[in-house]
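Visitor: generate coordinates for the sequence data below:
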Amino acid sequence: MTGEQLKRIQEETAKIQQQRFQEVGTPAEVGARQAARRQLEAAAYLAAVPTGDKYLEQTTGKTGQYEPVKQAAAQQLTEAQKEYAEALKKIGEKPTPTIAETPSWAQKTVT
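Guide: Reported below is the predicted structural model:
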């Protein structure tokens, strides 16, 4: 009796989970969207890094002061692109809930 009730609860939970996946997407799809945002953020940051300061160059002769920032931003963009590519590989994954005929706590007593 308790096992049957647990099975019904698991089936209802599975239905609710499928409905949620239809509304907002699977965890893999949500992760891919987040990875895409991170990639866009990194690209925007790299594009926003100044190319140089001509007045500083003229007065001090110092050039390339933004080069470390550019390199770090480019590295961040590369990593974000890799994460996005990996997330796209997982996009088809859909977790399936397990519905047990006999609950795990009752398996030892049922033979």
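
Visitor: from now on I want contacts and neighbour counts done on CA atoms only, so please keep to that.
Guide: Will do.

Visitor: what distance do you get for the most centrally placed residue in the chain to residue 40?
Guide: By Cα atoms, centre = their mean, the mean C-alpha position of the chain lies nearest to residue 31, the distance being 2.6 Å. The spacing between residue 31 and residue 40, counted by Cα to Cα, to the nearest Å, is 14 Å.

Visitor: kindly report the same for residue 66.
Guide: According to Cα to Cα, residue 66 and residue 40 sit 21 Å apart.

Visitor: do the same with residue 64
Guide: The spacing between residue 64 and residue 40, counted by Cα to Cα, is 25 Å.

Visitor: so between those two, which is more surrounded?
Guide: In terms of neighbours (other Cα atoms under 10 Å), residue 40 is the more surrounded of residue 64 and residue 40; the figures are 15 against 12.

Visitor: does that one lie in a helix or a strand, and which?
Guide: Assigned by DSSP states H and E, residue 40 belongs to helix 27-48.

Visitor: and that helix, which residues are buried?
Guide: 28-29, 31-33, 35-36, 38-39, 42-43, 45-46 (16 or more other Cα atoms under 10 Å).
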